[in-house]
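**Student:** 3D model of this:
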Amino acid sequence: MAEAQQKRQDLQTYLLETTETFLRRHNSRMRGAGRALDLSITVREDNFNVFLEFQGERQKCSLILPKARRNEFGNLVIGDRNDRALCPFMIVQNGQPAHVSYEQLIGVLLSTNIEELFPQQGKRNFIDKILFGFQSGRGRLAISLCQRFLNLNLFNALPLSGTPMQDWAMNRRMMIFDPVFETLRPDEKLEYQRRKNELLFPWTSIGLSDGAAAVKNYILQDELRKYTAFGLRHHNPIRNLYSTLGMKGPEQSRVVSRSAYDLEKQGVKRGGWNWMTVFLDLPDNFEDQ
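**Tutor:** A predicted model of the protein is given here:
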C-alpha cells in the first residue's frame, strides 16, 4: 500500500513539474511576440483517478489518469466502474528494451517523442500539443485527443478484471510496445513470437488465444509449469505452436502416450507443450482433444 501511494505521489509530482517546465519553455518562445500563455496547472486525485487540470483564460479542462490500486483480492487494477487488470510493460525504442511501470509509461506517453512507437502521433509530445491547443483557443480539443489516445492505447487496452486467478495472471502478463512488431507480416510475427519465447524462456505465451498470439505482443512473466503437479517433469510437447509457445528448442517430453510414440518413430512431431495428467490411447488419436 505504501509503495502504491509513493508511486502515485511520484506521478503527481512528475506531471506537475514536467508540465510547468514545458509551459515555461513554451512561454520563453512566445513572450517575445507578446503571446505568453496565461495558464495555471494543478494536479489532484480522488479514490480512483489522478486529474491533470488546465485553467486558461476561457477554458478549463482535465486529463483523467486512472490510479493503480489493489482490489479486495490483492491484485492490481485500475478503473472506477469497470475494473481492468494492470499489466507490467516494456517499451522498445531504437532497438533497446526497457521495463517501465504503469506510472512511468504514462509519463513517457505524455512528455516524450513517441513517434517511433506510434508514428501517427508525429514528433511533438502531448504536453506540447495541449499547450499549443490552449494557445490557439482549442485546449479542450487538444486534451480530448490526448485522452482518446491514452484510452485507446493504454487504459482500455488492459484486460477487464475477471476472477482473482485471471487477474493474478494478467498482473504478470507483460505488454510489449515494439514498433518492429507492428510492421511484420503474419508469418514474420509467428517467427517473432517463437524467437521471443526462446529468448525469454521460461516466460511464455502459453494460454494466449491463437488470435492474441498472432497480433498481440504479450508474454507471461512466470513459469506456469511450476504451479502444476508434475508440470516440470511430466509435460507433453505435442501442441500447435500458436497456442503454446512455451518450449525452448526441440524439447522432448519425458512421458508420452503410445500413439504419440508411434507417430514420432514415423517422423511426425509437433512443437509446443501442454500438461497431461491422464493418457488415453484411442484409435486415430492425434493428441488434439
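**Student:** what does the model give the residue most central in space within the chain for pLDDT?
**Tutor:** Nearest to the geometric centre of the chain sits residue 175, at 2.8 Å (CA atoms, centre = their mean). Residue 175 carries a pLDDT value of 94.
**Student:** Mind listing the strands whichever strand or helix holds it pairs with, and their directions?
**Tutor:** Residue 175 is part of strand 173-177, with elements assigned from DSSP states H and E. The strands beside strand 173-177 in its sheet (DSSP bridges) come out as strand 89-93 (parallel), strand 218-220 (antiparallel).
**Student:** about what we covered before: list the contacts of the residue nearest to the centre of the chain.
**Tutor:** By CB atoms under 8 Å, 6 or more residues apart in numbering, the residues touching residue 175 are 87, 88, 89, 90, 157, 217, 218. In this view, the C-beta of every residue, glycine as well, is placed from N, C-alpha and C.
**Student:** out of those, which is most surrounded?
**Tutor:** Top of those by neighbour number is residue 217, holding 21 neighbours under the definition other CB atoms under 10 Å.
**Student:** Backbone torsions only: list them for that residue.
**Tutor:** With angles defined as degrees, to the nearest 10, residue 217 sits at phi -100, psi 80.
**Student:** roughly how far apart are it and residue 102?
**Tutor:** Computed with CB to CB, to the nearest Å, the distance linking residue 217 and residue 102 is 17 Å.
**Student:** before we move on, what about residue 119?
**Tutor:** 23 Å.
**Student:** Those two: who's more crowded?
**Tutor:** residue 102 (20 against 11).
**Student:** List the residues that contact that one.
**Tutor:** 68, 78, 86, 89.
**Student:** Can you name the residues bridging to the residue nearest to the centre of the chain?
**Tutor:** residue 89, residue 218.
**Student:** Tell me where the model's unsure across this structure.
**Tutor:** 1-9, 32, 206-214, 225, 228-256, 269-289 (pLDDT under 70).
**Student:** Give me the longest helix you can find in it.
**Tutor:** Across the chain, the longest stretch assigned as helix under DSSP state H is helix 2-30.
**Student:** Next SSE downstream of that one?
**Tutor:** Immediately after helix 2-30, counting by DSSP H and E, sits strand 40-45.
**Student:** So which residues make contact with that following strand?
**Tutor:** Contacts for strand 40-45 (CB under 8 Å, 6+ apart): 8, 12, 15-16, 19-20, 23, 50-55, 67.
**Student:** Now do the helices in the stretch 101-250 of the chain.
**Tutor:** 102-111, 126-135, 139-150, 164-170, 179-182, 186-200, 210-215 (DSSP state H, counting those that start in this stretch).
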